Structure formats: structure tokens, C-alpha cells
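Asks: Build me a model from this:
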Amino acid sequence: MNATRTLSGLAIMATLFLIAGSRLGAFAQAPATGQDAGAAKGPKYTQAEYNAEQACAAEKVPAAIIKCADDFVAKYPNSDLLVYIYPLYYRAYTQLKNPQKVIEYADKLVALGEKAEPGIRYEALYARALSYAGLNIKETDSAAKDLSTKGREAALLGLKTLDELKKPDTMSAEDFAKQKQQPAILFNYTAGSAAMTMKDYAAAVASFKAVLALNPDDPVTSYNLGRAYQAMSPPQQMDAFWAFARAVTAKGATEAQSKQIKGYLRKLLANYQGGTVCDSLTDAELNELLQLAGSSAERPASYSLPSAADLSAAQKDMTIASVVTDLKAGGDKSKLTWLASCGLEFPEVPGKVIEVVPGTDAIVLKIAFVTNDAEFDAATTPNMDVKVVVQPEAARVEKDSAVHFTGTLTAYDPEPAFFLHWEKAKVKEEDIPKEKAAPKKPVRKPAAKRPAAKPS
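Replies: Alright, predicted model coming up:
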């Protein structure tokens, strides 16, 4: 999602905007000679200069325009008509897709200051902003800081110049405002991109938010806003998550964009919480975030997620008894405890066996969690199911017996039907009855043989 791809749509709009002549301050060619004689403040030039400028303006092929303009500048380096020659340069270089040269001559035009009408300066700054994206500046480039600093300054100047343009008499105020919206988006986005390269992340946030104020359904700007929040010191993680979620749910997002950013956001959430939270809970947090962000551009101050440090603190001195107490209490404490405990293995969890469900691959014990004799005697219904694997002898556990098991807590049902779900459990060996030995068969002695009868 680099700047070049992001601004491809803007480039098309800009081309139409300029070619169609809707430039909010038409760029007149040099007035014919004779007009300047009585105009004290007007440009001054000779007939030869005028004819040379007109010849360049009449050229149609970019290469020919550039050659003609080069000849003009070489012959008339200080001519007042440079205000019309420089636009010929950057328009031709725009057609030749040479952003460096577009920027060079746009800057020369802007440097003329008040000699150029606001409309012409606006066109130059617009062309420059479009070409800035084509530079593909990398932060590691030696000239990155200089290029991005100048790019941001020019974009901000473009916004100022845009405000100076006067509404044409033939255009309604509403249409004029609409015409100005697209260039305002371009200038703000360019300023934001340049600020990112400059590592001025607060400025980048301000510029990207200005873009979204004009076009709230732009997924790439929301994505870059999230990047800017992340890069701050310290990182503004909640605002970053919200911006990424806005990118996922933006109406302008393609299916591929939404899928890509959603996967990235899920990884960020998991990493933020130390990778210790159950996958199902991470998915639930992600879905809730997407739902909330889809209906609000700004993150409510009340929205937050516990960090890895928060979860680690909650896990300190945690026991299964404290977990059960917190989960039954409900509220924010219950939510934090569940995030911190889901997926953890707890040793020697005590309980009373209510039912034994044998199976081929696993044995499920329905157990009531108890912590003392009184609870044990009163327990008649289970509030835990415990899946025991690779321990077939656990099937010998008897109903109403006391057991201890070690297992992984994977899910729970809140009150009023409170129930804990365990996986990968193993029952304490001492709590499993010994296998009964097979009864011994009686040993039968062979009958004594009678002596043979004696012959008479």
C-alpha cells in the first residue's frame, strides 16, 4: 500500500481536472505585445520573446516542447514570460512520466512568487504533489529528508494557494467547493506521506485525518493513519487499532484490502497482549473492534484493550479459586481475569465427580468444583467438564469421589449457568482406584486312582 498505488486514482482525477480546464483560475497565455505598454504592473517583453513563447505553446509533442523551451530559456534567461514557459516544461515532463523534472520546473514556477497568478502557482503545486508520489522515496535514501521536507512544504503551500483561488462567476459555490475537494485531498495526503518519511508522526496524523475528513471511506489513508499512530513515541496503540479497523470496514476497501489489513490487525492485537490470549478471545476482540469502528470515525475514550503487562499483572498470584471467584462476579474484573486465564494450565484442580462419560479417544469427567468438605457434601450438579486424554485408567474414577486434575482452561459459560471447560487434562494418579485383580481360579486336585482288584 505505497503512496504510488494510493494516488493512482488521484492522478487520474488530476489529469481530468487539468485537461478539462477546470483549473479554478485559467492559465492565460502571454498577452500579445502592445498590451504591456500601458500596464505598469504587467510583464514586459519584446515581440521576439512573445513569438518564441507562442511557438513553444503551439508545439504538441513533449520532446519538441522541451527543446523549444530550452532554446527560449537559453536566449531569454530572465524573461517575464518564464511564467508561461515553466508550465510547458512540467506538463511535458508529466506526459513523459519524469517526476524529478516535473518537480524541478514546478519549483521554478513557484519561486517566481507573485509574478505568477495564483491559478498558475496552484497548477504547478498540484503537478508537484502528484509527482512526489512517483519518487518512491525510501527512508534510507540519503536525500530522503530533504526531498520529503520540501515535498511537505510544497503540499502545505498548495493548500494555502487553493484557498486563494477565486470562484469563477459561472460556477456555483457548491460546485466550486466540490472542485476544490479533490486537490485538498491530494495536498493533505502528500503532506502526510512526506511527514511519515520525515518521521514527524504527529504531523502525519494531522494530515491523514484531514484527508479522512474529506473522504472517510478511503481505506489506504486509514491504514497509513494507523501506521503513524504506531510509530509515535510512545505508540498510540488504541488509536492505531481503531484506524486499521476503519480501513478494514471502509466502503472504499476492496475485498483483498480488507482481508489483508484484517489479518495484519489480528496479529497486532495478539502481539499487544503478549500472544497469551486464547485464539477465540482474540477473534472476539477483533470482531467487536471492527463493529465499533465501522460506525464511528473517532475512537471513544472509553475503548481500550488490556496489554500484555495488564494480563501479566492479573496472572500474578492467580489460582483456580481466584479465577472462579472473579468470573462469577462479572464486570470488568471478570473480563480481565478471563483474558488472563484462558489457555493457562492449572495444576491439581479439586472437585467432586458427578458423572463419568467414557469415550474412544477421551474420557469426559463432569465435576463440581469444590474447595472444602461442606461444598463437597452439598455438590450434586457439575460446573466443569474435563476432557481427559491419553489416560484410559481415568475411566476407573468413581461417581461422588474426590479428584484432582491438571488441565488447560479453554472456555467458560458465565452466570447464571456458570460452567468451566477444560482440555488436555490428566487426573492425579492417587485419585484413580487401582485396577481390581482378576479372581483366582480354584485348584482342583486330581482324584486318587483306586488300586486294581487282586485276582482271586
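Asks: What ranges does the protein have for its strands?
Replies: 345-357, 362-369, 384-389, 402-413, 419-427 (DSSP state E).
Asks: so which of those comes closest to A106?
Replies: With Cβ to Cβ as the measure, strand 402-413 is the member of those nearest A106 (61.4 Å). No exception for glycine: its C-beta is placed from N, CA and C like everyone else's.
Asks: List of residues touching the closest one?
Replies: 278, 280, 320, 323, 327, 338, 341-353, 365, 367, 376, 386-388, 397, 418-428, 431 (Cβ atoms under 8 Å, 6 or more residues apart in numbering).
Asks: show me the contacts for the spatially most central residue of the chain.
Replies: In the chain, the residue lying closest to the centroid (Cα atoms, centre = their mean) is F244, at 2.8 Å. Counting by Cβ under 8 Å, 6+ apart, F244 touches S222, Y223, G226, I261, Y264, L265, L268.
Asks: Quick check: PyMOL command selecting the buried ones in those.
Replies: This is how PyMOL selects the buried members of the contacts of F244, with burial counted by 16 or more other Cβ atoms under 10 Å:
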select buried, resi 222+223+226+261+265+268
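Asks: possible to save the contacts of F244 as CSV with distance to A194 and pLDDT?
Replies: Below are these laid out as CSV (distance: Cβ to Cβ, whole Å; pLDDT from 0 to 100):
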residue, distance to A194, pLDDT
S222, 18, 98
Y223, 17, 98
G226, 18, 98
I261, 23, 98
Y264, 24, 98
L265, 26, 98
L268, 25, 97
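Asks: Which pair of the contacts of F244 spans the longest distance?
Replies: S222 and L268 (14.3 Å).
Asks: Show the pLDDT at the nearest residue to Q391 once chain neighbours are set aside.
Replies: With Cβ to Cβ, 6 or more residues apart in numbering as the criterion, Q391 has its nearest non-adjacent residue at 5.4 Å, and that residue is K426. Predicted confidence (pLDDT) for K426: 97.
Asks: does K426 really touch P392, like I thought?
Replies: No - using Cβ atoms under 8 Å, K426 is not in contact with P392, being 11.6 Å away.
Asks: These two - which one has more neighbours?
Replies: K426 (14 against 11; other Cβ atoms under 10 Å).
Asks: Next one: that one from V353, what distance?
Replies: Distance from K426 to V353, counting by Cβ to Cβ, to the nearest Å: 15 Å.
Asks: Kindly report the same for A308.
Replies: For A308 relative to V353 (Cβ to Cβ), the value is 37 Å.
Asks: Tell me which of the two has more neighbours.
Replies: Under the criterion of other Cβ under 10 Å, the comparison of A308 against V353 puts V353 first, with 21 against 14.
Asks: So what's the residue count around R227?
Replies: Other residues close to R227 by other Cβ under 10 Å number 17.
Asks: Oops, could you answer that again for G151 instead?
Replies: 25.
Asks: average pLDDT for stretch 368-378?
Replies: For stretch 368-378, the mean confidence score works out to 96.
Asks: Show me which positions of it end up buried.
Replies: In stretch 368-378, counting by 16+ other Cβ under 10 Å, buried: A368, F369, V370.
Asks: Please apply the same query to stretch 339-352.
Replies: Of the residues in stretch 339-352, those buried (16+ other Cβ under 10 Å) are L339, A340, S341, C342, G343, L344, F346, V349, P350, G351, K352.
Asks: Then stretch 93-111?
Replies: Buried, per 16+ other Cβ under 10 Å, within stretch 93-111: 93-94, 98-99, 101-110.
Asks: Greatest separation within the buried residues of stretch 339-352: which pair is it?
Replies: Across those (Cβ to Cβ), the longest gap, 28.5 Å, separates L339 and K352.
Asks: Much appreciated, bye for now.
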